[in-house]
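> Task: produce atomic coordinates for the following.
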Amino acid sequence: MADSNPANFANLPKDELREIAAKGGHASHGSNSQAEDHPDRNPDGTFTKGSELAKELGAKGGHVAHEHAVEKEARNPDGTFKAGSKLAQELGEKGGHAAHEK
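Modelled structure (predicted):
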């Protein structure tokens, strides 16, 4: 059943929806001026060849991905920790230290 609310996106014309979506895309990806201001970026926003920033961010992403993989191995499908999980021990210690710092 169609809603009569004019603010409902389903009721907007397709061209207006595209315009709104384009604004969101430009806002989230930044404009080319941001890329031009950064020496490690090409005008299209991609990294320049051999970019130190690309190496740094790639390494950071690799570490995060590895942490998630380790965490996934330490957990049961329902999200609880597996018995004897090293991650559970580490996080428990971290929580205990944080509780005593307050």
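
> Domain map for this protein?
11-49, 52-102 (automatic domain parsing).

> Just give me the lowest mean pLDDT stretch among those domains.
When these are ranked by mean pLDDT, domain 11-49 comes last with a mean of 75.

> Can you give me the first-to-last residue distance of that one?
45 Å (CA to CA, to the nearest Å).

> that older thread, dump the domains of the chain into TSV; add mean neighbour count and distance to Ser4 as well.
(C-beta placed from N, C-alpha, C; glycine too.) Shown next, in TSV, are the domains of the chain (neighbours: other CB atoms under 10 Å; distance: least, CB to CB, whole Å):
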stretch	mean neighbour count	distance to Ser4
domain 11-49	11	8
domain 52-102	11	42
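
> looking at the ones you listed, which is closest to Asn5?
domain 11-49 (6.8 Å; CB to CB).

> which residue sits closest to Glu71 in space, ignoring its chain neighbours?
Leu87 (5.8 Å; CB to CB, 6 or more residues apart in numbering).

> tell me the contacts of the one you found?
Val70, Glu71, Ala74, Arg75, Phe81 (CB atoms under 8 Å, 6 or more residues apart in numbering).

> I'd like the distance from it to Pro13, if you could.
Here the criterion is CB to CB, to the nearest Å. By it, Leu87 lies 51 Å from Pro13.

> who's in contact with Leu17?
Phe9.

> Okay, and it sits in which element?
Per DSSP states H and E, Leu17 falls inside helix 14-29.

> How much space separates the spatially most central residue of the chain from Glu67?
The centre of the chain sits closest to Gly61, judged by CA atoms, centre = their mean, with a distance of 10.1 Å. In this view, Gly61 and Glu67 are 11 Å apart by CB to CB.
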